[in-house]
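**Q** test case, fold it:
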Amino acid sequence: MNLNSGALFGEKKQWLSGVVDFTQLVKIRLSTTVVFSALLSYWIALPLDKNLGYKMFSLVMGGFLVTFAANALNQVLEKNYDALMDRTSNRPLPSGRMDDSTAIFLAGIMSVFGLIFLASLSLWSAVIGAISLLIYAFVYTPVKRISTAAVFIGAIPGALPVLIGTVSAEGEFTILGLGLFAIQFFWQFPHFWAISWLGHHDYMKAGFKITPSLTSSPTNKTGFQAFIYSLFLLPVLFLCAYTGILEFLSLSVAFVFTLFYIVLSYKLFVHNNKKAAMSLLFFSFLYIPVLLGVFLIDKFN
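**A** Numbering: from 1, shown residues only. Purely as a prediction, here's the structure:
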């Protein structure tokens, strides 16, 4: 009896360990953020006389599966480099808890079913999903070791989820979809460079050239790039207002939050320290939900 109990406990522990490894392989928290953005943009774009229905389920499932697949392929390709960084060395692939063939098999299954779910929404949803996966896994990932241009490349699949959301709701490319894409695209630069400032030594150790400061310690070049790209958010907001997809009150709220984002980016440029990088990073997590929330509230006014 005791032996059986011990065996069952061991099997349960092994199963739980496998679940944890899977969540690390697919970067569950990052994937949830991606799908949340797609879902909000879908709701923003959906006509008021339409109900969310089964399409929301397809968008969530398709979004998760395609994002899971992209993250899994990313980790397969970066396994040897992840092993060199403190924050990633315990991931399932570099630690040896999962082999490459298993990760590739899971990525293949998830990508196929994910694209099927997206195709049930619209052909364009599936096409954009496929483009996002391919750019992230097979362009952004290898370029990270070659040039800082990887950040620009990576911002494209990073912003495509909101476009998938709007295309799934409207069935075509619209000014609203392109506006949300532009906001999420430019938002990523200060967000990512705050991350790269904080993880500078790990990135340098692994040979990733994704920080503007290719020196032993981060310089104010990182903050300068964050500041410059944050400024692009302002004309995007005003264009959204000019084209009628954002009303004055909503524009005012978005403007204040964007101004604060710009100020924090500027502080990273001026102070070039951990406090400034942390402040910018934490605010960046708040920025996108607030901006998408502004668009959503504006829809009902």
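**Q** strands of the stretch 1-150 of the chain, start to end?
**A** Counting by DSSP state E, counting those that start in this stretch, no segments of the stretch 1-150 of the chain form strands.
**Q** okay, now the unreliable bits of it?
**A** Scanning the stretch 1-150 of the chain for pLDDT under 70 picks out 1-15, 49, 51-52.
**Q** outline the domain layout of the chain.
**A** 9-171, 174-301 (automatic domain parsing).
**Q** can I get those domains in a markdown table including mean neighbour count?
**A** Just so you know, the C-beta spots here come from the backbone N, C-alpha and C atoms, and that holds for glycine as well. Listed next are the domains of the chain as a markdown table, based on neighbours: other Cβ atoms under 10 Å:
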| stretch | mean neighbour count |
| --- | --- |
| domain 9-171 | 18 |
| domain 174-301 | 19 |
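**Q** so what's the gap between stretch 199-214 and the chain middle?
**A** 19 Å (Cα atoms, centre = their mean, to the nearest Å).
**Q** one more: stretch 139-158?
**A** 13 Å.
**Q** again with stretch 44-62
**A** 21 Å.
**Q** pull that stretch out as PDB, backbone CA atoms only.
**A** Only the C-alpha atoms of stretch 44-62 are listed here, as PDB (Å, rounded to 0.1, in the frame of the first residue of the first chain):
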ATOM      1  CA  ILE A  44     -12.700  47.200 -30.000                       C
ATOM      2  CA  ALA A  45     -13.200  46.500 -33.700                       C
ATOM      3  CA  LEU A  46     -16.400  44.300 -33.400                       C
ATOM      4  CA  PRO A  47     -19.600  46.100 -34.500                       C
ATOM      5  CA  LEU A  48     -21.900  46.800 -31.600                       C
ATOM      6  CA  ASP A  49     -24.700  44.800 -33.100                       C
ATOM      7  CA  LYS A  50     -22.600  41.600 -33.200                       C
ATOM      8  CA  ASN A  51     -22.100  39.300 -30.300                       C
ATOM      9  CA  LEU A  52     -18.700  37.800 -29.400                       C
ATOM     10  CA  GLY A  53     -19.900  34.200 -29.800                       C
ATOM     11  CA  TYR A  54     -17.700  31.300 -30.900                       C
ATOM     12  CA  LYS A  55     -15.300  33.600 -32.700                       C
ATOM     13  CA  MET A  56     -13.800  34.700 -29.300                       C
ATOM     14  CA  PHE A  57     -13.000  31.100 -28.500                       C
ATOM     15  CA  SER A  58     -11.300  30.600 -31.900                       C
ATOM     16  CA  LEU A  59      -9.300  33.800 -31.400                       C
ATOM     17  CA  VAL A  60      -8.200  32.800 -28.000                       C
ATOM     18  CA  MET A  61      -7.300  29.200 -29.000                       C
ATOM     19  CA  GLY A  62      -5.600  30.300 -32.200                       C
END
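**Q** what does that stretch contact?
**A** 35, 38-39, 42-43, 113-118, 120-121, 125-126, 129, 164-166, 168-170, 174, 176-177, 180, 292, 295-296, 299-300 (Cβ atoms under 8 Å, 6 or more residues apart in numbering).
**Q** again, only using 6 Å
**A** Contacts of stretch 44-62 with the rest of the structure, by Cβ atoms under 6 Å, 6 or more residues apart in numbering, involve 35, 42, 114, 117-118, 120-121, 166, 168-170, 176, 295-296, 299.
**Q** what's the most distant pair in those?
**A** G114 and K299 (27.3 Å; Cβ to Cβ).
**Q** helices - which of the contacts of stretch 44-62 land there?
**A** Of those, the ones assigned to helices by DSSP state H are 35, 42, 114, 117-118, 166, 168-170, 176, 295-296, 299.
**Q** return the member of the residues you listed nearest to Y203.
**A** For the ones in helices among the contacts of stretch 44-62, the nearest to Y203 is V35 (26.4 Å; Cβ to Cβ).
**Q** sketch out the low-pLDDT regions of the stretch 151-300 of the chain for me.
**A** Using pLDDT under 70, nothing in the stretch 151-300 of the chain is flagged.
**Q** for stretch 129-143, measure first residue to last.
**A** Terminal residues of stretch 129-143 lie 20 Å apart, using Cα to Cα, to the nearest Å.
**Q** and it, how far from the chain's centre?
**A** 13 Å.
**Q** which helices and strands does whichever strand or helix holds S279 pack with?
**A** For S279, the host element (DSSP states H and E) is helix 274-299. Helices and strands touching helix 274-299, as assessed by 3 or more Cβ pairs under 6 Å, 6 or more residues apart in numbering; DSSP states H and E, comprise helix 28-45, helix 175-198, helix 248-271.
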